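Undergrad: Starting from these lines, generate the structure:
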Amino acid sequence: MKPVVKISESGEVIHRYSSIAEAARRNGVHPSGISKSLKGRNRSAGYYWDYDIGQIGTAERIGCINFNEIKNVKDEMDQR
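TA: Residues are numbered from 1 along each chain as shown. I've put the predicted structure just below:
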């Protein structure tokens, strides 16, 4: 089992879970949704997910998620 973290759009770590199964159970989603999010960097249950690599609080980069890139894309979409 690998621990996972639930992350907001701004990159803030919301909660840590001991496994995908625990995260899914506590967030009312199927574990495959979180697993797919971990692989494809999509959201599940309205949040981003990543494996917990021990960082705390807000992060510019957690695992493979680059929140500056997400913010830039979101800003571009808002301008359209």
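Undergrad: Please count neighbours and contacts with C-alpha atoms only from this point.
TA: Will do.
Undergrad: Helices of this protein, residue ranges please.
TA: Secondary structure of the chain (DSSP state H): helices located at 20-27, 31-40, 67-79.
Undergrad: okay, now the closest residue to residue 35 other than its chain neighbours: neighbour count?
TA: In this structure, residue 35 finds its nearest non-sequential neighbour in residue 20, 7.1 Å apart by Cα to Cα, 6 or more residues apart in numbering. Using other Cα atoms under 10 Å, residue 20 is surrounded by 24 other residues.
Undergrad: Would you list the phi and psi of the residue lying closest to residue 37 once chain neighbours are set aside?
TA: Nearest residue to residue 37 in three dimensions, chain neighbours excluded: residue 43, at 5.7 Å (Cα to Cα, 6+ apart). The phi/psi pair for residue 43 (degrees, to the nearest 10) reads phi -90, psi 150.
Undergrad: what does the model give residue 11 for pLDDT?
TA: Looking at residue 11, its pLDDT stands at 83.
Undergrad: Could you check how many residues crowd around it?
TA: Neighbour count for residue 11, taken as other Cα under 10 Å: 22.
Undergrad: Kindly report the same for the one 4 residues further on.
TA: By the criterion of other Cα under 10 Å, residue 15 has 14 neighbours.
Undergrad: give me the beta-bridge partners of it?
TA: When assigned by DSSP bridges, residue 15 has beta-bridge partners residue 6.
Undergrad: shouldn't it be in contact with residue 6?
TA: Yes - with contact defined as Cα atoms under 8 Å, residue 15 reaches residue 6; the gap is 5.3 Å.
Undergrad: List the contacts of the residue nearest to residue 37.
TA: Residue 43 sits next to 34, 37, 49 when contact means Cα atoms under 8 Å, 6 or more residues apart in numbering.
Undergrad: Out of those residues, who's the most crowded?
TA: Ranking the contacts of residue 43 using other Cα under 10 Å puts residue 49 first, with 32 neighbours.
Undergrad: Can you give me the distance of the residue nearest to residue 37 to residue 7?
TA: According to Cα to Cα, to the nearest Å, residue 43 and residue 7 sit 9 Å apart.
Undergrad: Same question for residue 36.
TA: 15 Å.
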